[in-house]
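K.L.:
okay, here's the prediction I keep looking at, along with the sequence it came from:
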Number of protein chains: 2
Amino acid sequence: MAAPSLYAELARQLSSIGALRRGLARSLPVECPSGPSAVLALLGRHGELRLSRLAELLAVDTSVSSRHVTHVVERGWVERAPDPHDRRSRILRLTPAGRGMLTELHGRTTELFARNLHDWTDDEVGELITMLARLRDSFGDCRTLPLDGPES
Amino acid sequence: MAAPSLYAELARQLSSIGALRRGLARSLPVECPSGPSAVLALLGRHGELRLSRLAELLAVDTSVSSRHVTHVVERGWVERAPDPHDRRSRILRLTPAGRGMLTELHGRTTELFARNLHDWTDDEVGELITMLARLRDSFGDCRTLPLDGPES
DNA sequence: CATTAATTTGCTTACAGCAACCATCTACCT
DNA sequence: AGGTAGATGGTTGCTGTAAGCAAATTAATG
């Protein structure tokens, strides 16, 4: 439990991070903006996924990931293989070209971070990662945050 | 200088924060989405501002803040007073109603954070704030990040 | 057959950037 | 002083990305 004014400051810092995210997005190739990039990243990390699981990992509506997946499929970076156990869904998988694009993206972000975070130590970066992960965890599924009224 | 794979993980965590930001935005009143809220917050913190300075603080294009300001002015939360030194620009200032809305917003976010971060200490929150501020600082103005090619 | 689940598509909104534009300010030149 | 060129502050039109909700489709399930 922390003091209220700290929360306000944290909220401010978090919203400022939006600008940073936009800046990072600007370093992406035009053909693969941040939404599609996130799809490639998750498929690279988790291997085969179905759409609903992907949307869950991204914490967005399935309609949103559906469009992102369409985007990357159209460019040949991901393939939708039939799911033998459920013909309603399809298994999403990186193609070799998709793996190449992922490597490209990885290289760009790494270079960008390396250039800007040259005075951070491994430990510091690791600590920030840890805290961000914990922050996400503390909020759980953001799509189910209580809205207006207190639940009283 | 940190290891490349750490950077990739940091990038992933940062993009995940987007979902959190959207969740926080969902707790805002419909009349005052996140853009306009940020305008109120900055005017509350800095007092009188001109539009260009506001856009600079928000790290967005002036056209974007211009629209946000129009939004809050239309609702009577901000007034555009003439600038005695330059008739091209106007001084932006919170109205009493705007101050009220700001209090309301502040209350909502504080309550939301209090509910979700109950197991964080002041020090931990403070540390996260510090690291986020440093992160922003390390990247400087995100709108001028080098784009594609290395500057060679 | 009724229901539920997985995905897609249509509609809407918020946010952001760029470019074109108008008004005004500033500096410089005659 | 007067006038013109360029810079600056702001607004508006257009475009694109992202996201959510609701309805429709197809298939699994009880």
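P.N.:
Received it, and whenever you're ready, just let me know what you need. Numbers count the residues shown, from 1 in each chain, chains lettered A, B, ... in the order given.
K.L.:
and the helices in chain A, which stretches?
P.N.:
A:4-26, A:34-46, A:51-58, A:62-74, A:96-116, A:122-139 (DSSP state H).
K.L.:
okay if I get those as JSON lines plus distance to B:E127, mean pLDDT and mean neighbour count?
P.N.:
Where C-beta positions appear, they are placed from N, C-alpha and C, glycine not excepted. Below are these laid out as JSON lines (distance: least, CB to CB, whole Å; pLDDT from 0 to 100; neighbours: other CB atoms under 10 Å in any protein chain shown):
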{"stretch": "helix A:4-26", "distance to B:E127": "11", "mean pLDDT": "91", "mean neighbour count": "18"}
{"stretch": "helix A:34-46", "distance to B:E127": "27", "mean pLDDT": "97", "mean neighbour count": "20"}
{"stretch": "helix A:51-58", "distance to B:E127": "27", "mean pLDDT": "97", "mean neighbour count": "18"}
{"stretch": "helix A:62-74", "distance to B:E127": "33", "mean pLDDT": "98", "mean neighbour count": "17"}
{"stretch": "helix A:96-116", "distance to B:E127": "20", "mean pLDDT": "95", "mean neighbour count": "17"}
{"stretch": "helix A:122-139", "distance to B:E127": "7", "mean pLDDT": "94", "mean neighbour count": "16"}
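K.L.:
distance to DNA strand C for these - can I get that in CSV?
P.N.:
Formatted as CSV, the helices of chain A follow (distance: least, CB to the nearest atom of the strand, whole Å):
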stretch, distance to DNA strand C
helix A:4-26, 5
helix A:34-46, 11
helix A:51-58, 3
helix A:62-74, 3
helix A:96-116, 16
helix A:122-139, 19
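K.L.:
what's the closest of those to chain B?
P.N.:
For these, the distance to chain B is smallest for helix A:4-26, at 2.7 Å, taking CB to the nearest CB.
K.L.:
so which other helices or strands are in contact with the closest one?
P.N.:
Using 3 or more CB pairs under 8 Å, 6 or more residues apart in numbering or on different chains; DSSP states H and E, the elements in contact with helix A:4-26 are helix A:34-46, helix B:4-26, helix B:34-46, helix B:96-116, helix B:122-139.
K.L.:
the first one vs helix A:4-26, what angle?
P.N.:
Put plainly, it is helix A:34-46. 90 degrees (axes from the mean of the first three to the mean of the last three CA atoms, to 10 degrees).
K.L.:
give me the contact list for helix A:34-46.
P.N.:
A:21, A:24-25, A:28, A:32, A:49, A:54, A:57-58, A:64-65, A:67-69, A:71-72, A:77-78, A:92-94, A:98-99, A:101-102, A:105, B:12, B:15 (CB atoms under 8 Å, 6 or more residues apart in numbering or on different chains).
K.L.:
spell out which parts of chain A neighbour DNA strand D.
P.N.:
When proximity is defined as CB under 7 Å from any atom of the strand, chain A approaches DNA strand D at A:25, A:30, A:33-36, A:59-61, A:63-64, A:67-68, A:86-88, A:143.
K.L.:
cutoff 10 Å now
P.N.:
A:21-22, A:25, A:28, A:30-39, A:55, A:58-68, A:71, A:82-89, A:142-144, A:147 (CB under 10 Å from any atom of the strand).
K.L.:
can you tell me the centre-most residue of chain A?
P.N.:
Closest to where the C-alpha atoms of chain A average out (CA atoms, centre = their mean) is A:A38, at 4.7 Å.
K.L.:
now it: how far from A:C32?
P.N.:
Distance of A:A38 to A:C32, given as CB to CB, to the nearest Å: 10 Å.
K.L.:
do A:W77 as well
P.N.:
For A:W77 relative to A:C32 (CB to CB), the value is 8 Å.
K.L.:
what do those two both touch?
P.N.:
Joint contacts of A:W77 and A:C32 (CB under 8 Å, 6+ apart) are A:40, A:101.
K.L.:
who has more neighbours, those two?
P.N.:
Taking other CB atoms under 10 Å in any protein chain shown, A:W77 and A:C32 do not tie; A:W77 has more neighbours (24 against 20).
K.L.:
give me every residue that touches that one.
P.N.:
Contacts of A:W77 by CB under 8 Å, 6+ apart are A:32, A:36, A:40, A:94-95, A:97-98, A:101.
K.L.:
can you put those in CSV and add distance to B:H118?
P.N.:
Listed next are the contacts of A:W77 as CSV, based on distance: CB to CB, whole Å:
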residue, distance to B:H118
A:C32, 39
A:P36, 37
A:L40, 36
A:L94, 40
A:T95, 45
A:A97, 47
A:G98, 42
A:M101, 42
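K.L.:
ok, back up a step: between the helices and strands packed on helix A:4-26, which gets nearest to A:Y7?
P.N.:
helix B:96-116 (3.9 Å; CB to CB).
K.L.:
just want the angle from that closest one to helix B:4-26.
P.N.:
Interaxial angle, helix B:96-116 versus helix B:4-26 (the same axes, to 10 degrees): 120 degrees.
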